[in-house]
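Student: With the input below, show me the fold.
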Amino acid sequence: MPADDDEPPSSPPRESLHRAVAEAFEAEQFPLLRRLVDQPSHTAAKDDVEAAACILDAKAQELGLVVERTPDPSGRFADHRVYRSPATAPEDRSLALVGHVDTVFPRSMGFLQLRRDDGPEGPQTGDAIHGPGVLDMKSGLSSILFALQALRRVEPALYERLRARFVCVSDEEVGSPSSAPLFAALAPRLSAALVFESGRHEDRIVTCRKGSGSFEFVVHGHSAHAGNEHDKGINAIAVLARIVLAAEAMTDYERGVTVNVGIVEGGTAKNTVPDRARCVIDSRFLTVADAHDVVARMEALAADPFGDEADVPERLRGARVELHGGIARPPMEVIAGTQALRRRYEGHAAAAGLKVGEAPLQGGGSDANLLAAHGVPCIDGLGPHGQYFHNPREWSSLGSLLRRTQALACFLAEEARDVAQESPR
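Tutor: Reported below is the predicted structural model:
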């Protein structure tokens, strides 16, 4: 990246954006983050998630963003939000800034409030903060809002030209079943996406993630007394056992495909031939092609649990097998534009004091998976560094959050400048 003195005159000085973020950090950004964390937002607690989203609504409206709400058709989840910058008309192509407001922590856990470590300047002045969602991913949400605010304060004319959408959903922690159609609808209008899931070790940027699938096999047999009429029964557990072994055999580490049978249930008593059994399976895969291959093999297994096995008792062939589920999140593959987007962001990250580079392959999914599958270049893991997400020990670094916000503010300035040069108004 060029030095500040070499930047084009139309570019807002990097130092001014960094300073604007720093000046607002303790006075405005951290207090809003505290309010957001102190408001529980477990995915299943719809009213709590809605209350947390309303905190975002208020700040977005203060920044002049247009608030669009998308209700969940089933009524299970809080409304999803799309906040449009002033220059972004409904059909315009734009950059997407992506996050989620739901967490994995129910009120019953008692892990409800933000706590800040003590520091050299006194009690509660340290770098580390603890609380539900400080890492995954309410800090990232605050970064988006206050990077936008910094640009608005330093260069209001550029801010008015920025074409961006801040997409915040309410069901990411359970696989985005309700918001997936929203991402599909938005994808044709998105030029790229920055996703603010928790930061990775050494600030490395996530460019690819495994996809995931969830499957449930239900076997229906026929019950009978195990002592008097064993031959009249169809043992659902015996059939399920063959399915379990065949499913586990689909794992192929070289291809990055894993299949894990995580739940097995069946039977009522040891002297009763079980008439029902079920198992629940998690699968992960690196490519869309492998995702479809796993689905096809699961479907074939449901149609014929015994394959080439020759010595199957004839009575077991009378079992009926149901298969439920499928691909939960497609893989986030590196697609055209991904690496150029990463390199573009990394220049601003390095200038803010962050390290750069690609993170190792990520096994867990995010909403970046959904957008990448629709052809939108994505980079992820742009929230602050910390540890123990999905764990009551969850913590996040305020210093990292400050630098992430500064990097994003400068990236947005570049984005707005590019828009201004393409279509001056």
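
Student: how many neighbours does Asp304 have?
Tutor: Counted by other C-beta atoms under 10 Å, the residues lying close to Asp304 total 12. Heads up, the C-betas are built off the backbone N, CA and C, glycines and all.

Student: So for it, what's the pLDDT?
Tutor: pLDDT, the model's per-residue confidence, is 96 for Asp304.

Student: Grab the nearest non-local neighbour of Arg152.
Tutor: Spatial nearest neighbour of Arg152, excluding adjacent residues (C-beta to C-beta, 6 or more residues apart in numbering): Tyr159 at 4.2 Å.

Student: Do I have it right that the one you found meets Arg417?
Tutor: No: with contact defined as C-beta atoms under 8 Å, Tyr159 does not reach Arg417; the gap is 11.2 Å.

Student: Next up, the contacts around the residue positioned nearest the centre of the chain.
Tutor: Taking C-alpha atoms, centre = their mean, the centroid of the chain lies closest to Ser366, which sits 2.4 Å from it. Neighbouring residues of Ser366 by C-beta atoms under 8 Å, 6 or more residues apart in numbering: 172, 195, 197, 206, 209, 332, 380.

Student: Skipping adjacent residues, who's closest to the first one in space?
Tutor: Read that as Glu172. Per C-beta to C-beta, 6+ apart, closest to Glu172 is His100, 3.5 Å.

Student: got a list of contacts for stretch 29-45?
Tutor: Applying C-beta under 8 Å, 6+ apart, the contact partners of stretch 29-45 are 21, 48-49, 51-53, 55-56, 59, 76-77, 101-107, 112-114, 129, 131-134, 138-139, 141-142, 145-146, 170-174, 398, 401, 405.

Student: Buried ones among those?
Tutor: 21, 48-49, 52-53, 55-56, 59, 77, 101-106, 114, 129, 131-134, 138-139, 141-142, 145-146, 170-173, 398, 401, 405 (16 or more other C-beta atoms under 10 Å).

Student: any idea how far the spatially closest residue to Ala319 that is not a sequence neighbour is from Thr287?
Tutor: The shortest distance from Ala319 to any non-neighbouring residue, by C-beta to C-beta, 6+ apart, is to Val239 (4.5 Å). Applying C-beta to C-beta, to the nearest Å, the value for Val239 to Thr287 is 31 Å.

Student: Pick out whichever of the two has more residues nearby.
Tutor: A side-by-side neighbour count of Val239 and Thr287, using other C-beta under 10 Å, places Val239 first with 26 against 17.

Student: Which of the three states applies to Ala22?
Tutor: helix (DSSP: H, G, I helix; E, B strand; the rest coil).

Student: returning to that earlier point: Tyr159 and Arg417: which has the busier surroundings?
Tutor: Tyr159 (24 against 19).

Student: Enumerate every residue touching that one.
Tutor: Residues near Tyr159 by C-beta under 8 Å, 6+ apart: 85-86, 148, 151-152, 416.

Student: and if we set it to 10 Å?
Tutor: 12, 63-64, 85-87, 148-153, 412-413, 416 (C-beta atoms under 10 Å, 6 or more residues apart in numbering).

Student: Any idea how far apart the tips of stretch 341-360 sit?
Tutor: 17 Å (C-alpha to C-alpha, to the nearest Å).

Student: could you give me the average pLDDT of that stretch?
Tutor: Stretch 341-360 carries an average pLDDT of 96.

Student: now do stretch 149-159
Tutor: Here the average pLDDT along stretch 149-159 is 97.

Student: try stretch 402-411
Tutor: Rounded mean pLDDT across stretch 402-411 is 98.

Student: now it, how far from the centre of its chain.
Tutor: 20 Å (C-alpha atoms, centre = their mean, to the nearest Å).

Student: CA atoms only for it, dumped as PDB, please.
Tutor: C-alpha atoms of stretch 402-411 as PDB (Å, rounded to 0.1, in the frame of the first residue of the first chain):
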ATOM      1  CA  LEU A 402      -9.900  -1.100  17.800                       C
ATOM      2  CA  ARG A 403      -7.500  -2.000  15.000                       C
ATOM      3  CA  ARG A 404     -10.100  -4.000  13.200                       C
ATOM      4  CA  THR A 405     -12.500  -1.000  13.200                       C
ATOM      5  CA  GLN A 406      -9.700   1.200  11.900                       C
ATOM      6  CA  ALA A 407      -8.800  -1.200   9.100                       C
ATOM      7  CA  LEU A 408     -12.500  -1.400   8.100                       C
ATOM      8  CA  ALA A 409     -12.900   2.400   8.100                       C
ATOM      9  CA  CYS A 410     -10.000   2.700   5.700                       C
ATOM     10  CA  PHE A 411     -11.300  -0.100   3.500                       C
END
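
Student: Any buried residues in stretch 411-420, and which?
Tutor: Quick answer for stretch 411-420 (16+ other C-beta under 10 Å): 411-417, 419-420.

Student: Between the residues you listed, which sits nearest Gly357?
Tutor: Taking C-beta to C-beta as the measure, Gly357 lies nearest Phe411 of the buried residues of stretch 411-420, at 16.9 Å.

Student: nearest residue to the closest one other than its sequence neighbours?
Tutor: Per C-beta to C-beta, 6+ apart, closest to Phe411 is His348, 4.7 Å.

Student: Helices of the stretch 101-250 of the chain, residue ranges please.
Tutor: 138-154, 156-159, 180-186, 236-248 (DSSP state H, counting those that start in this stretch).

Student: Enumerate the beta-bridge partners assigned to Arg115.
Tutor: His130 (DSSP bridges).

Student: Could you pull up the residues touching it?
Tutor: 34, 37, 124, 128-131, 134, 395.

Student: Leu135 too?
Tutor: 129, 197-199, 383-391, 394-397, 401.

Student: residue ranges with poor pLDDT in this structure?
Tutor: 1-12, 420, 423-425 (pLDDT under 70).

Student: one more time with 80, if that's ok
Tutor: 1-12, 310, 419-425 (pLDDT under 80).

Student: longest helix of it?
Tutor: helix 398-422 (DSSP state H).

Student: Just give the number of residues close to the residue nearest to Thr287 when sequence neighbours are not counted.
Tutor: Nearest in space to Thr287, with sequence neighbours left out and distances taken as C-beta to C-beta, 6+ apart, is Pro331 at 5.8 Å. Pro331 has 24 neighbouring residues, counting by other C-beta under 10 Å.
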